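[1] Mind looking at a prediction? Sequence and model below.
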Amino acid sequence: MSLDQSQRRAAVWLTAVLLLTPTARAFAQEQGGVSLVRDTEIEEILHQDGDPIFVAAGLDPRSVQIHLVGDKELNAFSAGGLQLFINTGLILEAKTPNELIGVMAHETGHIAGGHIARSGAAGHAALGPLLIGLGLGVLAAIAGSPDGAAGLIYSSGYFAEISVLGYSREQESRADQAAVTYLERAGESGRGLVDFFNNFRYQEVFDDEKKFPFFRDHPLTDDRIEALTVRVNQQPHLGMTDTPEAIAKHAIMRAKLEAFLYGPGQTLSDYPLSDQSFPGRYARAIAYYKETETARAITTIDSLIADQPGNPYLWELKGQVLFEAGRTKEAEPAHRRSVELKPDAPLLLINLGQTLVAEGDPKRLSEAVVVLKHALAAEQDNPLGWRLLSEAYDSQGEAGQARLAAAEQNFYLGQLADARVFAVRARELLKKDSPEWRRANDIILASQPTAKQLKEIGDVG
Ligand SMILES: [Zn+2]
């Protein structure tokens, strides 16, 4: 992909469209289904929910990666390393934080119990480059134009593969028991997990293809629910209930996911104007944005900001709405405010960087480079960050640096042949033996070139 093409594709984001348009769906199917979605606020809430459980399981919460899978199907699964995957559908179906935390505790039971390794699925060394997610807002903005996503999404049939890895009944039962142990240690009730299973017990009579994926590999037999219930009923913390703060965050997460992932019609009917709650207004603001009713979206976001002026995610949303409406100059201070309020969040930095690149004047381009490098230092494998950095360098006339950043973008997408092409070009343009020149060589070597290709490039390493 040339940089010119990438710039044209970037322009496509300016049109806000629905996520689940037929085109986007076709694209997703072509790519083998679902992709990861990113959202700093939701990731933060999921960690607040999950971290006490991870600690109770003896895991370092900073090393547990929670991935949000953009899929309406109810599912959660774990994979090699400390990777916990949660479908957006699960969050929307979990009625309380305690139910969601219960399911997370069950999956943590599989992780801490090393069940993946035993079922032989640990050999997914290629997992790294595939775990690329896109911000909810970016997804919404590019959804109608599959072309716009081409340089950013590497979704694959991979999730379909790992999400259906069955565990043995014994492993399921051990994960249930471990879940209650962790919940108790974390001061949480196991009631939510029991309730969650009971809510979906009706699915047991369905054929497998009609069941939610989660219940294909988690059969809800009477024995299983009975064993779990007996254990939960003995818990000293059985009567613990969700805090008002946890309930409020759960409601925000659900409102935001529904509004970003479903059509605005459904959102506006689930959150009618009569609902003046914080999550209700939050959901409507996103629905208005998706309907390109920018003025209404901004008025609604401003009402939320009046309630919570120190909430970085409201400023993030405001910046995004303005940016997608082409009001770049107004988007800048909003994104700047979100970064001031939460200085090291890569996705917030990338939003600001994107706006500065779009404004295009030299002073802002220099700042964009600093801001994007800051984001990429915290999150090296973010392809959107690298793509924007490449554009910033290109606008500055730094052709070598621009090609190197494009090589990084492709490298982290797992597109090794393209990464090599850009790295070879970067190497020709960069100063010999500079750190950047060496990085270009590293990418060439890491791109699995044939002996013949290496010979043609010459003098690498
Ligand atoms: Zn399980």
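    Sure, I can see it.

[2] what does the protein put close to the ion?
    172, 175, 218 (Cβ under 5 Å from the ion). Where you see a C-beta, it was placed from the backbone N, CA and C, and this is true even at glycine.

[3] again, 8 Å this time
    Taking Cβ under 8 Å from the ion as the criterion, the chain approaches the ion at residues 106, 107, 109, 110, 115, 167, 171, 172, 175, 176, 217, 218.

[4] could the residues you listed go into JSON lines alongside pLDDT?
    Compiled in JSON lines, those are given as follows (pLDDT from 0 to 100):
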{"residue": "106", "pLDDT": "94"}
{"residue": "107", "pLDDT": "91"}
{"residue": "109", "pLDDT": "93"}
{"residue": "110", "pLDDT": "88"}
{"residue": "115", "pLDDT": "78"}
{"residue": "167", "pLDDT": "76"}
{"residue": "171", "pLDDT": "87"}
{"residue": "172", "pLDDT": "88"}
{"residue": "175", "pLDDT": "93"}
{"residue": "176", "pLDDT": "95"}
{"residue": "217", "pLDDT": "71"}
{"residue": "218", "pLDDT": "76"}
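
[5] Tell me which of these fall in helices.
    106, 107, 109, 110, 115, 171, 172, 175, 176 (DSSP state H).

[6] Out of the residues of the chain next to the ion, who's the most crowded?
    Most neighbours among the residues of the chain next to the ion, by other Cβ atoms under 10 Å: residue 106, with 28 neighbours.

[7] OK, contacts around that residue?
    Taking Cβ atoms under 8 Å, 6 or more residues apart in numbering, we find residue 106 in contact with 76, 175, 176, 178, 179, 193.

[8] now do 7 Å
    175, 176, 179, 193 (Cβ atoms under 7 Å, 6 or more residues apart in numbering).

[9] again with residue 82
    Per Cβ under 7 Å, 6+ apart, neighbours of residue 82: 59, 63, 64, 65, 111.

[10] Which one of those is nearest to residue 293?
    For those, the closest approach to residue 293 (Cβ to Cβ) belongs to residue 65, at 36.1 Å.

[11] Can you report phi and psi for the closest residue to that closest one other than its chain neighbours?
    Spatial nearest neighbour of residue 65, chain neighbours left out: residue 83 (5.2 Å); criterion: Cβ to Cβ, 6 or more residues apart in numbering. When quoted as degrees, to the nearest 10, the phi and psi of residue 83 stand at phi -110, psi 120.

[12] Please renumber the chain so that the first residue is 626 from this point on.
    Understood, numbering begins at 626; the last thing we discussed is residue 708.

[13] Residue 708 is in contact with residue 693, isn't it?
    No. Checked against Cβ atoms under 7 Å, the pair residue 708 and residue 693 is beyond contact range at 12.0 Å.

[14] More neighbours: the two, which one.
    residue 693 (22 against 19).

[15] For that one, which non-adjacent residue is spatially closest?
    Using Cβ to Cβ, 6+ apart, the closest residue to residue 693 is residue 662 (5.1 Å).

[16] State whether the one you found is indeed within a strand.
    Yes. Checked against DSSP: H, G, I helix; E, B strand; the rest coil, residue 662 lies within a strand.

[17] okay, now it: neighbour count?
    Neighbour tally, residue 662, other Cβ under 10 Å: 25.

[18] Hmm, residue 692 and it touching each other?
    No. Using Cβ under 7 Å as the test, residue 662 is too far from residue 692 to be in contact (9.0 Å).

[19] Tell me where the model's unsure across the stretch 626-775 of the chain.
    626-659, 705-706, 741-775 (pLDDT under 70).

[20] can you pull the contacts of the residue of the stretch 826-975 of the chain found nearest the ion?
    Evaluated by Cβ to the ion, the stretch 826-975 of the chain has residue 843 as its residue closest to the ion, separated by 4.9 Å. Residue 843 sits next to residue 797 when contact means Cβ under 7 Å, 6+ apart.

[21] Kindly report the same for residue 801.
    So residue 801 contacts 731, 849, 852, 853 (Cβ under 7 Å, 6+ apart).

[22] So what's the residue count around the last one?
    This points to residue 853. Neighbours around residue 853, by other Cβ under 10 Å: 23.

[23] Leaving out sequence neighbours, find the closest residue to it.
    Nearest residue to residue 853 in three dimensions, chain neighbours excluded: residue 801, at 4.8 Å (Cβ to Cβ, 6+ apart).

[24] in the stretch 926-1075 of the chain, which spans are helices?
    937-949, 953-966, 971-984, 987-1003, 1008-1020, 1024-1037, 1041-1054, 1060-1071 (DSSP state H, counting those that start in this stretch).

[25] if you skip the residues just before and after it, what's nearest to residue 688?
    In space, residue 688 is closest to residue 707, 5.2 Å off (Cβ to Cβ, 6+ apart).

[26] Revised request: answer the last question for residue 728.
    residue 701 (5.5 Å).

[27] Wait, the one you found touches residue 715, no?
    Yes. Contact criterion Cβ under 7 Å: residue 701 and residue 715 qualify, at 5.3 Å.

[28] what touches both of these two?
    Listed as contacting both residue 701 and residue 715 by Cβ under 7 Å, 6+ apart are residue 728.

[29] Enumerate every residue touching residue 850.
    822, 823.

[30] With residue 929 instead?
    903, 906, 907, 910, 939.

[31] From residue 869, how far out is it?
    18 Å (Cβ to Cβ, to the nearest Å).

[32] about what we covered before: name the nearest of the contacts of residue 707 relative to the ion.
    residue 736 (10.4 Å).

[33] what's the spacing between the closest one and residue 694?
    16 Å.

[34] Same check on residue 963?
    Distance from residue 963 to residue 694, by Cβ to Cβ: 25 Å.

[35] Just confirm residue 1050 contacts residue 1028, I think it does.
    Yes. With contacts counted by Cβ under 7 Å, residue 1050 reaches residue 1028, the gap being 4.5 Å.

[36] The two: which is more packed in?
    residue 1028 (26 against 18).

[37] Compute the distance between that one and residue 1015, please.
    In terms of Cβ to Cβ, residue 1028 sits 8 Å off from residue 1015.

[38] repeat for residue 685
    Residue 685 is 34 Å from residue 1015, by Cβ to Cβ.

[39] So between the two, which is more surrounded?
    residue 1015 (26 against 10).

[40] Give me the nearest residue to the more buried one, chain neighbours excluded.
    residue 1030 (3.7 Å).

[41] can you check residue 719 too?
    residue 725 (4.0 Å).

[42] For residue 862, the count of nearby residues, please.
    What residue 862 shows, counting by other Cβ under 10 Å, is a neighbour count of 16.

[43] quick one: it and residue 812, what's the gap?
    Taking Cβ to Cβ, one finds residue 862 at 6 Å from residue 812.

[44] Likewise for residue 958?
    In terms of Cβ to Cβ, residue 958 sits 42 Å off from residue 812.

[45] Report the contact partners of the nearest residue to residue 989 once chain neighbours are set aside.
    In space, and not counting its chain neighbours, residue 989 is closest to residue 981: 4.4 Å by Cβ to Cβ, 6+ apart. Shown in contact with residue 981 (Cβ under 7 Å, 6+ apart): 957, 989, 992, 993, 996.
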